[in-house]
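1. I would like the atomic coordinates for the input below:
(2 chains)
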Amino acid sequence: MRPVPLLIAALALMIPLSLLAGRVWIDPFAPETRHAAIIVMQLRLPRAVLALAVGGGLGAAGAAMQGYLRNPLADPGLFGIAPGAALGAVLSFWTGYAVGPYALPLFALAGAGGAMALLSLIAGREGGLALFTLAGLMIASLAGALMSLAISLSPTPFAMSEIVTWLMGALADRSWREVQIAAPLSMAGIALLAAAGRGLDALTLGEVAARSLGVDPRRLPALLIAGVGLTVGSGVAVAGIIGFVGLIVPHLVRPLTDRRPSSLIVPSALAGALLLLVADCLCRVLPLAGGELRLGIALSLIGAPFFLHLLLRMRRGLA
Amino acid sequence: MTGQALLEARAVSVAGRLDTVSAVLSPGQVTAICGPNGAGKSTLLACLGGLLTPDAGTVRLGEAALLSLPPRDRARAIGFLPQTPEIAWDVSVEVLVSLGRIPWAGAGGQGEAQGAIDEAIAAMDLAAFRHRPVSRLSGGERARALMARVLATRPGWLLADEPLANLDLAHAAALTARLGDQARDGRGVVLVLHDLAMAMNHADRVLVLDRGGLVADGPPGEALSPGVIAAVWGVAARWLGEPGARALSLGKGL
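-> Numbers count the residues shown, from 1 in each chain, chains lettered A, B, ... in the order given. All right, here's what the predicted structure looks like:
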């Protein structure tokens, strides 16, 4: 089965639909809706493109992480890059620089870069998988602790509420500026992860066999750190923390492929883009008192039970 | 191609594991590496495969120092089957075998790759399982599929670390016979073997290691003589039966 044409067809259907859906529904056959052009061009189109870029990056990062760690429960968050980026963003609120137009995403990207550098420093040189995972977890918990510290010491209650809201992750009120930041970085990251595909395939047979097949034990983790850093870092920089996409998407796509990690990366990027686009549309149209459902919350609400279902199924498989 | 070249260990040492081991291995032969646990068998094999850098000495493939070759060229010349049979994802046999073509990615045509995969599947008698997921293979079928993955590279040298572990008698004999065929075809075959009778009956040459040192090297009748077995394994033993179908009879410990 070929998932790519299927996913492209679904995207071709969903992208125009997403431009019409929202608080104000636009009827394409009766374009007398007031400000329809502005709504589509300045609000919904950037938001849709952002959903595609962020979702695509998260999907590809998840597929690559699962291939690298040879574990279907791996998630891009395990590297500590998302918490690193979030910490950067939190610091931009904390210091007050977030009011500047590019400050928040730049702070977040710097945070992601810091986490990537730390990870390569600790585990990048033939460190092996265990060290890699542990290093990622430590970076994640350190970034989490520093974030809590920043929140607890936040200079004003306003900054605190800004931080907390932002951390929930959303694509609301984003503009072409965020697209300019996230889309190229995410695309570059997906390209790096796709380039790692062959090495990930070899890793299916274990680290020793992978080396015997000519895989460079230093190049592969470097490609992975850079690819996950760019995709996840740019995603967090513009949308906050959006969990579970990287975990769920490769699972949904895997049965449609021949199960090699390399055959999963591009389809997972497309499926991640689709999932985020659809989820964001649903958040937008859901009639909720007090505003929109935050995308990050919505995905966690779907993702956590899904994860539980996976764990239970794996336990049955082991029994 | 470098496949026909000699594989040579020159005074190879790895601290605490291997002590100045030298041997020139020829293609067209099955060479068995034997020895008690901890003798350095897997370490020597890893050095010969270019997967471990010796602390002293060099491994040469033909004229070239093995470690100076680009990883991809080395991978094309030397196929390596690790001891632990790991397959992380539930791929089909055909996809598993196709992983052996990774060192050739971007070189040669699609037809050549498919030809090598088909040939490897046929050599390991896996045609009936071609599309079966590896999770539904028996232990013996899995071992053959993993070996087919190594063959699909079409390497000049085949190195396998205890390929017969976890195989029952019939499967072990069948796999050994197939590896013998590979040597007859001109490949160099190097196997770490625990089962001395397998080495005795199927190898053309045996290297015996003990505590990191090479203590015997020669045709199996010589290298696995009762004297060597007594000195290295510490058991009194004698060989029964005809050449090619010998069995080891163990006496009392020394």
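2. Can you classify residue A:18 by secondary structure?
-> Following DSSP: H, G, I helix; E, B strand; the rest coil, residue A:18 is assigned to helix.
3. In contact with it, which residues?
-> For residue A:18, the contact set (CB atoms under 8 Å, 6 or more residues apart in numbering or on different chains) comprises A:44, A:48, A:51, A:277-278, A:280-281. For glycine as for every other residue, the C-beta is placed from the backbone atoms N, C-alpha and C.
4. I'd like the residues you listed as TSV, with neighbour count and pLDDT appended.
-> What follows is the contacts of residue A:18, written out as TSV (neighbours: other CB atoms under 10 Å in any protein chain shown; pLDDT from 0 to 100):
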residue	neighbour count	pLDDT
A:44	20	89
A:48	24	94
A:51	28	95
A:277	26	94
A:278	16	93
A:280	28	91
A:281	21	90
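5. Just the residues you listed: which are in helices?
-> The helices, defined by DSSP state H, take in A:48, A:51, A:277-278, A:280-281 from the contacts of residue A:18.
6. mind listing the helices for the chain?
-> Using chain A. A:3-20, A:36-38, A:45-69, A:81-95, A:103-123, A:128-152, A:157-167, A:176-195, A:197-203, A:207-212, A:219-239, A:245-253, A:262-285, A:295-318.
7. um, chain B though
-> All helices of chain B, identified by DSSP H, fall at B:41-48, B:71-77, B:93-98, B:110-123, B:139-152, B:169-184, B:196-202, B:220-223, B:226-233.
8. From the contact counts, what lies against the first one?
-> It refers to helix B:41-48. Packing partners of helix B:41-48 (3 or more CB pairs under 8 Å, 6 or more residues apart in numbering or on different chains; DSSP states H and E): strand B:7-14, strand B:18-25, strand B:30-34, strand B:157-161, strand B:188-192, strand B:205-210.
9. among the ones you listed, which is nearest chain A?
-> Nearest to chain A among the helices and strands packed on helix B:41-48 is strand B:157-161 (8.2 Å), distances taken as CB to the nearest CB.
10. Okay, now the sheet partners of that closest one, with direction.
-> strand B:78-81 (parallel), strand B:188-192 (parallel) (DSSP bridges).
11. List the contacts of that strand.
-> With CB under 8 Å, 6+ apart, strand B:157-161 has contacts from B:3, B:7, B:27, B:41-42, B:45, B:48-49, B:61, B:77-83, B:147, B:150-151, B:179, B:182, B:187-192.
12. Name only those of these that count as buried.
-> B:3, B:7, B:27, B:41-42, B:45, B:48-49, B:61, B:77-83, B:147, B:150-151, B:179, B:182, B:187-192 (16 or more other CB atoms under 10 Å in any protein chain shown).
13. got the contact list for residue B:171?
-> Counting by CB under 8 Å, 6+ apart, the residues that residue B:171 touches are B:139-140, B:143-144.
14. how near is it to chain A?
-> Going from residue B:171 to chain A by CB to the nearest CB, to the nearest Å gives 20 Å.
15. And the residue of the stretch 51-200 of chain A that's closest to chain B?
-> For the stretch 51-200 of chain A, CB to the nearest CB, closest residue to chain B: residue A:70, 3.8 Å.
16. what sits against the closest residue in space to that residue that isn't next to it in sequence?
-> If the residues on either side of it in the chain are set aside, residue A:70 comes closest to residue B:88, at 3.8 Å by CB to CB, 6 or more residues apart in numbering or on different chains. Listed by CB under 8 Å, 6+ apart, the contact set of residue B:88 reads A:70, A:203-206.
17. could you redo those residues as CSV and give each row pLDDT?
-> Shown next, in CSV, are the contacts of residue B:88 (pLDDT from 0 to 100):
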residue, pLDDT
A:70, 88
A:203, 93
A:204, 94
A:205, 94
A:206, 91
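18. re earlier: of the strands paired with strand B:157-161, which is nearest residue A:199?
-> Closest approach to residue A:199 among those (CB to CB): strand B:78-81, 16.2 Å.
19. Mind listing residues that contact that closest one?
-> A:208-209, A:212, B:7, B:48-51, B:61, B:66, B:100, B:146-147, B:150-151, B:153, B:155-161, B:163.
20. how far away is the residue nearest the centre of chain A from residue B:11?
-> Nearest to the mean C-alpha position of chain A, by CA atoms, centre = their mean, lies residue A:58 at 3.1 Å. Distance of residue A:58 to residue B:11, computed by CB to CB, to the nearest Å: 52 Å.
21. and the helices of chain B, which one is worst for confidence?
-> Ranked by mean pLDDT, the helices of chain B bottom out at helix B:169-184, which scores a mean of 88.
22. Grab the nearest non-local neighbour of residue A:88.
-> Closest to residue A:88 by CB to CB, 6+ apart is residue A:111, at 2.3 Å.
23. List the residues that contact that neighbour.
-> So residue A:111 contacts A:84-89, A:91, A:143, A:233 (CB under 8 Å, 6+ apart).
24. one more time with 10 Å, if that's ok
-> Counting by CB atoms under 10 Å, 6 or more residues apart in numbering or on different chains, residue A:111 makes contact with A:81-92, A:143, A:146-147, A:233, A:236-237.
25. show me where pLDDT drops low in chain A?
-> The model of chain A has pLDDT under 70 over residues A:1, A:31-33, A:124-127, A:317-319.
26. Let me see the contact set for the closest residue to chain A within the stretch 151-254 of chain B.
-> Of all residues in the stretch 151-254 of chain B, residue B:153 sits closest to chain A, at 7.7 Å by CB to the nearest CB. Shown in contact with residue B:153 (CB under 10 Å, 6+ apart): A:212-214, B:75-80, B:99-104, B:116, B:120.
27. One more pass at 8 Å, please.
-> A:213, B:75-76, B:79, B:100-101, B:103-104, B:116.
28. if I look at residue B:116, how far off is chain A?
-> For residue B:116, the distance to chain A - CB to the nearest CB - is 14 Å.
29. Let me know whether that residue touches residue B:101 as I believe.
-> Yes - using CB atoms under 8 Å, residue B:116 makes contact with residue B:101 at a distance of 6.5 Å.
30. overlap in contacts of those two?
-> Contact with both residue B:116 and residue B:101 is made by residues B:152-153, according to CB under 8 Å, 6+ apart.
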